[in-house]
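In: Give me coordinates for this.
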Amino acid sequence: MKKIGLLLISAVFAVSSFAQKTEKPTLYLVGDSTVNNSGEGFQGWGNVIGDYFDKSKVNVVNKARGGRSSRTFYTEGLWKQVADELKKGDFVLIQFGHNDGGAIDKEKFRGSIRGIGDEKQEITGQNGQPETIHTFGWYLRKFIVDAKSKGATVVLLSPVPRNVWKRGKVERARGNYGGWSKRIAEAEKVYFVDLNEITAKKYEKNGLEKVGKDYFTTKDHTHTSPAGAKVNAESVVEGLRKLKKVSLRKYLLK
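Out: Next up is the predicted model:
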């Protein structure tokens, strides 16, 4: 009987171990409405990026939320939801910046302090409660540390460009949120995709008129149409393929 019991226990452990080894990794997308947008006529790149992955081998879960900055994604508990689900072998793509430049202590209360330092500011939040505001970089570091602690791989992305042109060139984000994302990625030793630069070059190749007509809606210069979302998703894929050491590449469709 003891031998039978030991055999049963061994079998259970073997099945459990096999299940853990064969469980598919999950790719989580974290960001704002340029990543996840289901409004009429709009689409975010995260809504179509799954089409470029072999979903028989990896799950793709879009946790991005419209209107959020790195700060509000953290303070509203949206990041905690992702962190609680993360397991070893998962991946997280993080793209913020479009809403972080908003007001810190008025209007939508979603701005973060500019930069990547340790500065902080005490305010009374929209709900009347005290809140400590940190820099854009502080929130990114928080996401990275939490994800790494779960054994997940992080890829930071610079924000997709807006349909804003100066002298025939698309306005870049090198001097602010794009550049800050890159510096945090380097400091924290995680992967980085310059989505802003990759996509801006594509926009310039196609020209201002086509970009405005086909890739964006007539409502604003930030949120893409389905065609624009596809261009941005292809830019993400292009950036990932250049990251020779990130194992996420092996799940991309050939």
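
In: can you pull up the bridge partners for the most centrally placed residue in the chain?
Out: Nearest to the mean C-alpha position of the chain, by C-alpha atoms, centre = their mean, lies Ile94 at 2.3 Å. Applying DSSP bridges to Ile94 gives these bridge partners: Val30, Leu156.

In: check contacts around it.
Out: Applying C-beta atoms under 8 Å, 6 or more residues apart in numbering, we find Ile94 in contact with Val30, Gly31, Leu140, Phe143, Val154, Val155, Leu156, Leu157. Heads up, the C-betas are built off the backbone N, CA and C, glycines and all.

In: and if we set it to 6 Å?
Out: Neighbour list for Ile94: Val30, Phe143, Leu156 [criterion: C-beta atoms under 6 Å, 6 or more residues apart in numbering].

In: Count the neighbours of the last one for me.
Out: Pointing back at Leu156 there. A count of nearby residues for Leu156, using other C-beta atoms under 10 Å, gives 26.

In: mean confidence for whatever helix or strand Ala185 lives in?
Out: Under the criterion of DSSP states H and E, Ala185 resides in helix 177-188. Average pLDDT, helix 177-188: 98.

In: Helices along the stretch 151-254 of the chain, start to end?
Out: 177-188, 195-206, 208-210, 226-241 (DSSP state H, counting those that start in this stretch).

In: Save the ones you listed as JSON lines, and put in mean neighbour count and distance to Leu253 too.
Out: Shown next, in JSON lines, are these (neighbours: other C-beta atoms under 10 Å; distance: least, C-beta to C-beta, whole Å):
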{"stretch": "helix 177-188", "mean neighbour count": "20", "distance to Leu253": "25"}
{"stretch": "helix 195-206", "mean neighbour count": "20", "distance to Leu253": "19"}
{"stretch": "helix 208-210", "mean neighbour count": "11", "distance to Leu253": "27"}
{"stretch": "helix 226-241", "mean neighbour count": "20", "distance to Leu253": "9"}
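
In: now those as CSV including distance to Phe109?
Out: Below are the helices of the stretch 151-254 of the chain laid out as CSV (distance: least, C-beta to C-beta, whole Å):
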stretch, distance to Phe109
helix 177-188, 19
helix 195-206, 26
helix 208-210, 34
helix 226-241, 28
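
In: quick one: which of those is nearest Lys148?
Out: helix 177-188 (8.2 Å; C-beta to C-beta).

In: outside of that closest one, which residues touch it?
Out: Contacting residues not belonging to helix 177-188 are listed as Gly97, Ile116, Phe136, Gly137, Leu140, Ile144, Leu156, Ser158, Pro159, Phe192, Asn196 [C-beta under 6 Å, 6+ apart].

In: Okay, and which of those residues map to strands?
Out: Using DSSP state E, the subset of the contacts of helix 177-188 located in strands is Leu156, Phe192.

In: hmm, which of the contacts of helix 177-188 are the buried ones?
Out: Neighbour counting by 16 or more other C-beta atoms under 10 Å classes Gly97, Ile116, Phe136, Gly137, Leu140, Ile144, Leu156, Ser158, Pro159, Phe192, Asn196 among the contacts of helix 177-188 as buried.

In: what two of those are the furthest from one another?
Out: The farthest-apart pair in those, when distances are taken by C-beta to C-beta, is Ile144 and Asn196, at 19.1 Å.

In: Point out where the stretch 151-254 of the chain drops to low pLDDT.
Out: For the stretch 151-254 of the chain, applying pLDDT under 70 flags no range at all.
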